[in-house]
Each structure stands twice: as structure tokens, then as C-alpha cells.
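> Provided below for reference: sequence and predicted model.
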Amino acid sequence: QKAYDRAIETLNAFQSRGLPAPVSGGPDPKGHHHPEIYFTLGTCHLLKNDYQSAIRAFEQALKQAPAHTSAWLNLAKAAYEFKDYVKAGHAFAQAYENAPKKNPEQLYYSAIAYLMARRSEPSITAFEKLFKNHADCLTPAWRENFVHALLSADLARRALPHIRLLAEQYADEKKVRWQEILLHQYMQLDMREQARIYAL
């Protein structure tokens, strides 16, 4: 019923009746610190845009249930909104790894979050896994961002095949833009003959 404050109050009251959170693997017979309690608390905070509280709750859930895919995913969303892009990148990757059915979008969001954090290496690693494992569902936009990750890491030569593909796939103004980017990269890489032929 979207009564998030009431839900939070109910869960906090339930937890306050129990003992402090046990050490990892310790007994919690009445479930006052069950991972689902923390997951639900985190989800309520996330829906209220209280990202810091959401992050804390999801991390508590994951301490006890490290394979909780939904907690990883919601942690990723909260961290991304909080602009903690490194944490978001890691959490999206963990959500992907722990899901029984792999969702390529989670891997893509991991790559993008790392790219936003200016962490080229983990971003490129995530993109490479995405391209290897999900070649059948890649979009031009995903390839564009992979190019940006490669160029930001000074890996222009590795970006060239992807730039060529984008210049072929797009039409109109976007095609021209990627043609110009390709020509510029040829010149930057001192590939003069390729640049001359392509310019002509």
C-alpha cells in the first residue's frame, strides 16, 4: 500500500524486541536479524529515496546471505543513485554472477557504473564478458559505451573494429559522427594510408 514509513516502523519494532545482531553464522532463533528483514528495510528506504539507509540495510542482508541476487540488485540501484559508482558497479556484477538466469543488462550496468567512476579496467572487463557471453543481444548503444571505455583507457587500436561497425550500422547524422571518429582515430594512431583512403 506504499506505506513505507509504517513498514519501516514495524520492522524496526520487531528487531528491537530481539538481541543485537549476532556475529556471522551465530544463532538468531526468532529471526530478528534475518536477511529478508534487512532486505525489506532496504527496499523501503530505497523507495523513499533514502539511499544511505538503503545501502546499509542491503549490506546487512548480504553479510548473511551473500548470494541474495535481489539484495545485490537493489544495493546497486541505491549506490548508483547515491553516486557511489564503484559500489554500484561491483553490486551489479554480483547480481549478474549470483542470478540463476544471467541478465546481460546487469553486466552492462556494471560496466557503465565503473565507466562513470572512471575505472576503465573493471569497466572494460565487464564489457568484454558482456560481448563474449551475450553476443546475440548486443545493441549499438552498448558498443558505443564500450568504445568510450576503451578510448578513456588509451586503447584506441582495440576500439577501431567497434568504431568501424558503428559507422556501418548507423545512418544519417550518427553515421557521419562515427565516420569522423574513425577518421580521427586513424590520424591519431598515425595510420596515414588508412586515413587517406577512408577520407576519400
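On my side now, so go ahead.

> Tell me which residues touch the residue nearest the centre of the chain, please.
Among the residues of the chain, the one closest to the centroid is Ser110, at 2.3 Å (Cα atoms, centre = their mean). Ser110 sits next to 76, 88-90, 92-93, 96, 122, 126 when contact means Cβ atoms under 8 Å, 6 or more residues apart in numbering. For the C-beta atoms, the positions are set from N, CA and C on the backbone; glycine is no exception.

> Mind doing that once more with 10 Å?
76, 88-97, 122-123, 125-127, 129-130 (Cβ atoms under 10 Å, 6 or more residues apart in numbering).

> Strands - which of these land there?
With DSSP state E as the criterion, strands contain none of the contacts of Ser110.

> which of these count as buried?
For the contacts of Ser110, a neighbour count by 16 or more other Cβ atoms under 10 Å gives the buried set as 76, 88-96, 122-123, 125-127, 129-130.

> Now do the SS call for the residue nearest to the centre of the chain.
helix (DSSP: H, G, I helix; E, B strand; the rest coil).

> show me the contacts for the closest residue to it other than its chain neighbours.
In this structure, Ser110 finds its nearest non-sequential neighbour in Phe92, 3.7 Å apart by Cβ to Cβ, 6 or more residues apart in numbering. Applying Cβ under 10 Å, 6+ apart, we find Phe92 in contact with 72-73, 75-77, 79-80, 103, 105-114, 126.

> Hmm, Gln194 is touching Leu200, no?
No. Using Cβ atoms under 10 Å, Gln194 is not in contact with Leu200; the gap is 11.0 Å.

> Of these two, which one has the most company?
Per other Cβ atoms under 10 Å, whichever of Gln194 and Leu200 has more neighbours is Gln194, with 16 against 5.

> Buried residues, the host helix or strand of the more buried one. List them.
Here Gln194, judged by DSSP states H and E, is contained in helix 192-199. Within helix 192-199, the residues that count as buried by 16+ other Cβ under 10 Å are 194-195.

> Now tell me what touches that helix from outside.
The contact list for helix 192-199, computed with Cβ under 10 Å, 6+ apart, reads 160, 164, 167, 179, 182-189, 191.

> Where is the longest helix in this structure?
helix 172-188 (DSSP state H).

> From the contact counts, what lies against that one?
helix 140-152, helix 156-169, helix 192-199 (3 or more Cβ pairs under 10 Å, 6 or more residues apart in numbering; DSSP states H and E).

> hmm, back to that, buried subset of the contacts of helix 192-199?
160, 167, 179, 182-183, 185-186, 191.
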